[in-house]
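Enquirer: Below: sequence and its predicted model.
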Amino acid sequence: MSASRGVAVVIGVGPGLGMSIAHRLGREGHPVVLVSRSDARHAGYVSSLADAGIRAEAFAADVRDHDRLLSVLDTVVERHGPVGMVYYGPGSTDPESHPVPILQAGPEDVRRAMEWAYPAVEVARRVLPGMIERGEGGLLFATGLSAVMPMPALGNLAILSAALRTYAVTLNAALTETGVYAGCLVIGGVVERGDIHGMVSSQPERYGPVAGMTLDPDALADAAWEMYATRGRAEATFSVFG
């Protein structure tokens, strides 16, 4: 795919799946824009992509800061032209983002979790009109296995996961015949090199052994590209649980 089809925006980039997605889209000819809450690691990310021959820029934005997020998207278009691809996969290891089991989860816990879903809708509404007008482009959303498998311990986060999955596959159905794609990666496991992988593997006494529970982010990124390129399915599940 040529870069003329638009810049790829990776929202919620981290050292695991986000960077694997960035490299995969960059190899397909897209210039890449990285977005994450902090710019502390951006220089290293951009350098890694430059070493691979991929043009990249990075912006700091918390997706829950709606004005900042939409301002970044507008700046991306001003600097790089139309958005051709979006990957939406923000997450957090902060205590405030830890799950509340379903029997204990109240409305406020659910609202707090859903703050990670609302920005996905805002991003889609911002970029879809241009994609539809050009008749090409795509959005990929990452969510958890609790979107399709009951996991009571994940409680409020399970509701978030299900919402993101449903949004993605429903978007894809609505975009039929437009040339634009929407898809969802349902992830059941600890993604290698990611921040959660680092947290879990550093505290085996709390989380248990990580061996046999991990997924390769490069393989996930390859699968994500295949989904977009072939348009054969709107979702794919990647799980260490069989």
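Expert: Good, I have the coordinates. Numbering: from 1, shown residues only.
Enquirer: from memory Ala142 sits against Val86, does it?
Expert: No. Taking contacts as C-beta atoms under 8 Å, Ala142 lies outside contact range of Val86: 11.5 Å. For every residue, glycine as well, the C-beta is placed using N, CA and C.
Enquirer: between those two, what contacts are shared?
Expert: By the contact definition C-beta atoms under 8 Å, 6 or more residues apart in numbering, Ala142 and Val86 are jointly contacted by no residue.
Enquirer: The longest helix seen in the chain: what's the following helix or strand?
Expert: The helix that spans the most residues within the chain, counting by DSSP state H, is helix 155-174. In the C-terminal direction, the helix or strand that comes right after helix 155-174 (DSSP states H and E) is strand 180-188.
Enquirer: Could you check that following strand and say which residues are buried?
Expert: 180-188 (16 or more other C-beta atoms under 10 Å).
Enquirer: just how off-centre is it within its chain?
Expert: The offset between the C-alpha centroid of strand 180-188 and the centroid of the whole chain comes to 9 Å, using C-alpha atoms, centre = their mean, to the nearest Å.
Enquirer: go on, stretch 131-147?
Expert: The mean C-alpha position of stretch 131-147 is separated from the chain mean by 9 Å, C-alpha atoms, centre = their mean.
Enquirer: try stretch 204-217
Expert: Offset of stretch 204-217 from its chain centre (C-alpha atoms, centre = their mean): 21 Å.
Enquirer: could you give the mean pLDDT of it?
Expert: In this model, stretch 204-217 has an average pLDDT of 83.
Enquirer: From Ala221, how far off is Ile159?
Expert: Relative to Ala221, Ile159 is positioned 27 Å away (C-beta to C-beta, to the nearest Å).
Enquirer: Who has more neighbours out of the two?
Expert: Ala221 (23 against 19; other C-beta atoms under 10 Å).
Enquirer: Next, the contact list for the more buried one, please.
Expert: Ala221 makes contact with 17, 20-21, 23-24, according to C-beta under 8 Å, 6+ apart.
Enquirer: 10 Å instead?
Expert: Taking C-beta atoms under 10 Å, 6 or more residues apart in numbering, we find Ala221 in contact with 17-25, 27, 87, 140, 185.
Enquirer: Beta-bridge partners for the closest residue to His80 other than its chain neighbours, please?
Expert: Among residues not flanking His80 along the chain, Val7 sits closest, at 4.1 Å (C-beta to C-beta, 6 or more residues apart in numbering). For Val7, the beta-bridge partners under DSSP bridges are Val83.
Enquirer: secondary structure element for the residue in the chain sticking out farthest from the centre?
Expert: Taking C-alpha atoms, centre = their mean as the measure, the residue most remote from the mean C-alpha position of the chain is Glu205, 29.0 Å away. According to DSSP H and E, Glu205 maps onto helix 204-207.
Enquirer: For that helix, which helices and strands make contact with it?
Expert: With contacts taken as 3 or more C-beta pairs under 10 Å, 6 or more residues apart in numbering; DSSP states H and E, helix 204-207 sits against helix 195-202.
Enquirer: Spatially nearest residue to Ile102 (excluding sequence neighbours)?
Expert: Counting by C-beta to C-beta, 6+ apart, the nearest residue to Ile102 once its immediate chain neighbours are dropped is Gly155, at 4.1 Å.
Enquirer: Can you read off the pLDDT for the one you found?
Expert: The predicted local confidence for Gly155 comes out at a pLDDT of 97.
Enquirer: Hmm, it is touching Ala162, no?
Expert: No. Taking contact to mean C-beta atoms under 10 Å, the distance of 11.8 Å between Gly155 and Ala162 leaves them out of contact.
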